[in-house]
Structures are given as structure tokens and as C-alpha cells.
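Undergrad: generate coordinates for the sequence data below:
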Amino acid sequence: MAMAQNITFIPAVRTVGTQKPAEKKQKVRVAAYCRVSTDFEEQESSYETQVAHYTSYINGNPEWEMVEVYADNGLSGTRTAKREAFNRMIADCEAGRIDMIITKSISRFARNTVDCLKYTRKLKELNIAVFFEKENINTLDAKGEVLMTIMAALAQQESESLSANVRLGIQFRNQQGKVQVNHNWFLGYTKDESGKLVIVPEEAEVVRRIYREYLEGASFVKIRRGLEADGILNGAKHARWHETNIKQILTNEKYIGDALLQKTYTVSVLDKKRSVNDGAMPKYYVEGCHEAIIDRETFLLVQEEIARRSSLYKGGKKRVYSSKYALTGNVICAHCGNIYRRVVWSVGNEKPVVWRCVSRLTTGQECPARTVPEEDLHAAIASAVNMAYANRDDIIPVLKENIESVVGCDVDEEIEVIDNMIRKSQMDLLDAGRDEARVQEIGERIVSLRERRQNVLTQAALRKDEIDRIKAMIGFIEEQTGEAEYSEILVRRMIEKVTIHDDRITVEFKSGLTIDVDA
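TA: A predicted model of the protein is given here:
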């Protein structure tokens, strides 16, 4: 015989916006979240108004208990990572201090669909409601998540559209050559009241010192140590320098008064990620947009020297440039083309210094290059210098003839022709309007013309450098009053490279003059 079952119906207790069903009626703990995305004065008033509104609104409901008005001022809504008040509010929710959150709209809560859904669902799991006033959506309602997903997607679209408009504005400003530079960490410059870059004299001297020392043979490390030893601050006003600081200064076109715009671009609007522009977006090179600290010829020579030092490798292995000894990297093996390295031998109690071909030291190659004692190498260089002085009556006329052969064409005339072509192309670009194919074609033409212009200037700088080297050689010979002795300064100033043969040493001067010395 089946036993009768007694079934008692227990109705559900509706607990909208509370984490735990209460045994007795208790007030709902309510918080508000508000945010304004800019620091403009009218937005600041909106910020204050929102805080006052929610304080009054929550306190005016007898069934609610005020927790706090969480407010972020002057921050973007596309990411939550930097919203301090928002993150603190979420932490308080997880700690069980909040039952409901009220906010003006989805776009105020988050303009990123992913973040919006992530946090509202997380709060929903905690039985915490989020109420969006403008859309009249309660996330604990059945229809809440569907409506919220749609509205959040629209808010995100609004943010992406705004970002696209900003990018177009920046691109248009770049096309007009209007330069905006962050000068806060920019050594050598500040901005005047009109926002134009102006030179800071004492900082400009530091920049000139860096360029000068680099062309004199100093490495990034040596320059860095010198600046730190003298207590000189970098662009960020820090006493500690890095090699990257030195390289950035030596390669920054803004020091010659120009500006390359859009070196980086925003990859993701939502993540705020930026990437180096390797051609994915157009670039704009603006010349003469502010006063220069470094002359163009010096800048181009530095770029050539950077490229030269970067190419110091043999057999696919990169060699690190060192400025400790003037001859480092400049002594070449006539057999294999590799460089010679300075080596200290241990022979009994003595430690003689010799120079040996790197192939014999590191690669195990059967290079027959001979080992040269350092004193013999120094003596050969001094002999070459003295031979140039002894034969000055024959050498100086030849050097002067070389100057005439190097002068070349009229650079200013060629640059003017290219500049006219660039200006015409820029006018064509404005006339092209929204014709993307035409814009692309003209843009490529302008890039090509600028590269051609840069090559002309580079070659002109190299010719001038060659002339300066020849003149320096003439001046050096004319200044000599007797036999010269070897010195590191002499090598850095006059010697281009030294080639070791089996029966002689060839010394090549920076002027192009070469002299063989039996050694």
C-alpha cells in the first residue's frame, strides 16, 4: 500500500539585486558609478553633477542603503585597466559590500563590448544587478542580457567611430605638415606659449656633445659613461643614461629641424596598442618645422657612421664596436679580410701586447696572417705620417687636385628641382580628394621624391666630408714641425685603416692617401 505524500509549496523569495536571500527584509546596498572621459571644464561640471545626482537619488529611496558613488574623472571608457574607481567598485562587489550598481548608460560603464559583458556577467553570478538608467536595463531581468549585448555593441561602435574620426583628423593634420611633438622627455627642446618647439640652450649643448663625441669615435657606452660622470641629466631628468638614449638622440631627425610623422600607429582601439609603422600606414616627413640643433651634414655623417659600425661583421657574426683603442676594428688582414684584435700574451713574467687576425683566434681557419707586436704597428703608423710630411711638396698638390675632383654638381639647384616636384605632388594630393587609388599613387611618388632628395643630400654630405678630410690632411702636414710620434688622437684624426701584409703594412689616411711601410 503506497504511502500518501504531503507536498508543501514554498514560494520563491524575490531578491532583486541582493547577494543572499535575507531572512528578514533588509535594505539593498546600492552604489553608483559615473565617469567623464575628458578634462574639459563643461565635462568637469557634468562629473560633479553626476556625483551629486546619485548621492541624492540613492539616499532618497528608503529601501536603499548608500554605499558609495564610484567616480572616474578624465579617463577613457574603452579599457577598464586604468579606471581606479571602477576596479575598486568591482573589488567591493566581490567582497560582498554591494547589492546593486546604478550607472547612467552602457557607454558610461564601458565602451568595450567584451569588458561590458565580462563584468556584468561576473556581477550577475554574484547576484548583483547593474541598472542602466538611459537604456532602462536591469541585468538581472530575463531580457536584460540580450538588450545589454546590443546596446554595448552600439556603444563600442560609437567609440570606434570616434577613434576613426580622430585618426582621420591626425592624418589630415599630418598631410598639412602640422607637427605635434611631446616635448616632456625631449632633450634640447621645450615649447613656447604658442606650442612651438624652442631650443633649451644648455640641453642643446649636451646634444651637440653627443654628436661630436660619436663622430670622434666614441661608442654609445663611452658617451653614456661620460655623461653620467659629469652629472648630466637625460631628457627624462634622470641621472642614469642608457645606450638606447644615446642612439635615439643620434637618429632623431627632429634635431635637424625636421619631423617624421606617424612613426607608430594604433593597432587596436580597444586595447590601445601601438606598433612601429613599418609601412602599414602612410608617413609624413616635414622639413624645417622648427629650429635645428644639429646641422644636416653632421646628422647625415652620423647616420653613415652608425651604418658603418653596424656592418662590422665577418662570416655572418656581428662584431661589437669598441672605442677603447683607436685601432680597434681598423686593422685589416690582407689574406682573409678579417680584422686584427689586440691580444695580451703571457710569456714568463712579461705580458707583451700583439695584434692577431681574428680568423686565427676564433674561427680556426688556416689563415697565414702574421702576428704583429703592438710597438711595431705603432711605429709603422708613425713612419707613414712622417713619410707624408717628408714628401709634402709632392703630396699637397695632389691632395688639392683631389678636392677639385670631389666638388661635383650644384646640389642646391638639384634640390630645388626636387622640391618643386614635391610641392606639385602635394597639390595633386589635395586635388585627389577621396580617390584612394590616386592618393596611393601620388603618395608613393612623394615618398620616392623624398628618398631621392635624401640621397642627394647624403651624397653631398659625404663629398663635403671627403673634402674636409683632405683639407684636414693638408693642414696636418703643413702644421708639422718635425717627426711625429704615435698617439691615439693622431689615429682617430687621420687614419682610416691599416692593412697587414706579409712584408709590409699599408696605412690609409682619411684623405684617401695610402703609404706602404716595410715592417
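
Undergrad: contacts, neighbours, all on C-alpha from now
TA: Will do.

Undergrad: surely Q50 touches C34?
TA: Yes: the criterion here is CA atoms under 8 Å, and Q50 meets it with C34 at 6.6 Å.

Undergrad: quick one: contacts for the residue lying closest to D518 once chain neighbours are set aside?
TA: Once flanking residues are discounted, D518 sits nearest to R504: 4.4 Å by CA to CA, 6 or more residues apart in numbering. Applying CA atoms under 8 Å, 6 or more residues apart in numbering, we find R504 in contact with 516-519.

Undergrad: check the gap between R504 and A519 for me.
TA: 5 Å (CA to CA, to the nearest Å).

Undergrad: also E297?
TA: 39 Å.

Undergrad: next: E291.
TA: 52 Å.

Undergrad: same question, H242
TA: Distance of H242 to A519, computed by CA to CA: 42 Å.

Undergrad: now swap in I505 and tell me
TA: 6 Å.

Undergrad: what of M89?
TA: Taking CA to CA, one finds M89 at 81 Å from A519.

Undergrad: compare these two (neighbour count), which wins?
TA: M89 (21 against 15; other CA atoms under 10 Å).

Undergrad: find the helix or strand that that one is a member of.
TA: helix 84-94 (DSSP states H and E).

Undergrad: also S383?
TA: S383 belongs to helix 374-390 when assigned by DSSP H and E.

Undergrad: just checking, what packs against that helix?
TA: If you count contacts as 3 or more CA pairs under 8 Å, 6 or more residues apart in numbering; DSSP states H and E, helix 374-390 packs onto strand 353-357, helix 436-479, strand 504-509, strand 514-518.

Undergrad: among these, which comes closest to T371?
TA: strand 353-357 (5.0 Å; CA to CA).

Undergrad: now do the closest one: distance to the chain's middle.
TA: 40 Å (CA atoms, centre = their mean, to the nearest Å).

Undergrad: with stretch 451-467 instead?
TA: Distance of stretch 451-467 from its chain centroid, counting by CA atoms, centre = their mean, is 26 Å.

Undergrad: mean confidence score for it?
TA: If you average the pLDDT over stretch 451-467, you get 79.

Undergrad: send the alpha carbons of it over as CSV?
TA: Extracted C-alpha coordinates of stretch 451-467, given in CSV (Å, rounded to 0.1, in the frame of the first residue of the first chain):
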residue,chain,number,x,y,z
GLU,A,451,64.1,59.4,-50.8
ARG,A,452,65.8,60.9,-53.9
ARG,A,453,66.2,64.2,-52.1
GLN,A,454,67.7,62.5,-49.1
ASN,A,455,70.2,60.6,-51.3
VAL,A,456,71.3,63.8,-52.9
LEU,A,457,71.8,65.4,-49.5
THR,A,458,73.6,62.3,-48.2
GLN,A,459,76.0,62.2,-51.2
ALA,A,460,76.6,66.0,-50.8
ALA,A,461,77.4,65.5,-47.2
LEU,A,462,79.8,62.6,-48.0
ARG,A,463,81.5,64.8,-50.6
LYS,A,464,81.9,67.6,-48.1
ASP,A,465,83.2,65.2,-45.5
GLU,A,466,85.8,63.9,-48.1
ILE,A,467,86.8,67.4,-48.9
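
Undergrad: that older thread, give the buried subset of the contacts of R504 as a ChimeraX selection command.
TA: Listed next is the ChimeraX selection for buried residues among these, using 16 or more other CA atoms under 10 Å:
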select :516,517
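
Undergrad: farthest-separated two in the contacts of R504?
TA: The widest separation within those (CA to CA) is 9.2 Å, between D516 and A519.

Undergrad: now list whatever residues contact both of these two.
TA: 504-505.

Undergrad: show me what contacts the residue nearest to F86 when sequence neighbours are not counted?
TA: Nearest non-adjacent residue to F86, counting by CA to CA, 6+ apart: Y70, 6.7 Å away. Counting by CA under 8 Å, 6+ apart, Y70 makes contact with 31-34, 85-86, 89.

Undergrad: am I right that Y70 is in a helix?
TA: No: applying DSSP: H, G, I helix; E, B strand; the rest coil, one finds Y70 to be strand, outside a helix.

Undergrad: any idea how far T55 is from it?
TA: 11 Å.

Undergrad: ok, A239 next?
TA: 48 Å.

Undergrad: I422 now?
TA: 61 Å.

Undergrad: who has more neighbours out of these two?
TA: Set side by side, I422 and T55 show more neighbours around I422, with 20 against 17, by other CA under 10 Å.

Undergrad: wait, doesn't the more buried one sit right on L449?
TA: Yes: at 6.6 Å, I422 and L449 qualify as touching, with contact defined as CA under 8 Å.

Undergrad: overlap in contacts of these two?
TA: Contacts common to I422 and L449, judged by CA under 8 Å, 6+ apart, are absent.

Undergrad: please spell out which residues along stretch 198-213 are buried.
TA: The neighbour-count check on stretch 198-213 (16+ other CA under 10 Å) flags 199, 203-204, 206-208, 210-211 as buried.

Undergrad: can you flag which of these belong to helices?
TA: Using DSSP state H, the members of the buried residues of stretch 198-213 that fall within helices are 203-204, 206-208, 210-211.

Undergrad: max pairwise distance over the residues you listed: which two?
TA: Going by CA to CA, the pair spanning these furthest: E203 and Y211, at 13.0 Å.

Undergrad: coming back round to it: can you list the buried residues of stretch 198-213 in a markdown table and add pLDDT and distance to E305?
TA: Output for those, formatted as a markdown table (pLDDT from 0 to 100; distance: CA to CA, whole Å):
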| residue | pLDDT | distance to E305 |
| --- | --- | --- |
| I199 | 91 | 26 |
| E203 | 93 | 23 |
| A204 | 93 | 21 |
| V206 | 94 | 20 |
| V207 | 94 | 17 |
| R208 | 94 | 16 |
| I210 | 94 | 14 |
| Y211 | 92 | 11 |
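
Undergrad: and V36, what are its bridge partners?
TA: Counting by DSSP bridges, V36 forms beta bridges with N73.

Undergrad: touching, it and Q50? I think so.
TA: No: using CA under 8 Å as the test, V36 is too far from Q50 to be in contact (9.5 Å).

Undergrad: list the contacts for the closest residue to Y389 other than its chain neighbours?
TA: In space, and not counting its chain neighbours, Y389 is closest to I477: 5.5 Å by CA to CA, 6+ apart. I477 makes contacts with 388-389, 392, as judged by CA under 8 Å, 6+ apart.

Undergrad: where does the prediction get shaky in the stretch 51-200 of the chain?
TA: Under the criterion pLDDT under 70, the flagged ranges of the stretch 51-200 of the chain are 74-82, 111-114, 142-183.

Undergrad: and the strands in it?
TA: 64-73, 100-103, 129-132, 137-138, 189-191, 197-199 (DSSP state E, counting those that start in this stretch).

Undergrad: cool, and the stretch 301-450 of the chain?
TA: Using DSSP E, counting those that start in this stretch, the strands assigned to the stretch 301-450 of the chain run over residues 313-314, 317-318, 331-333, 340-344, 353-357, 372-373.
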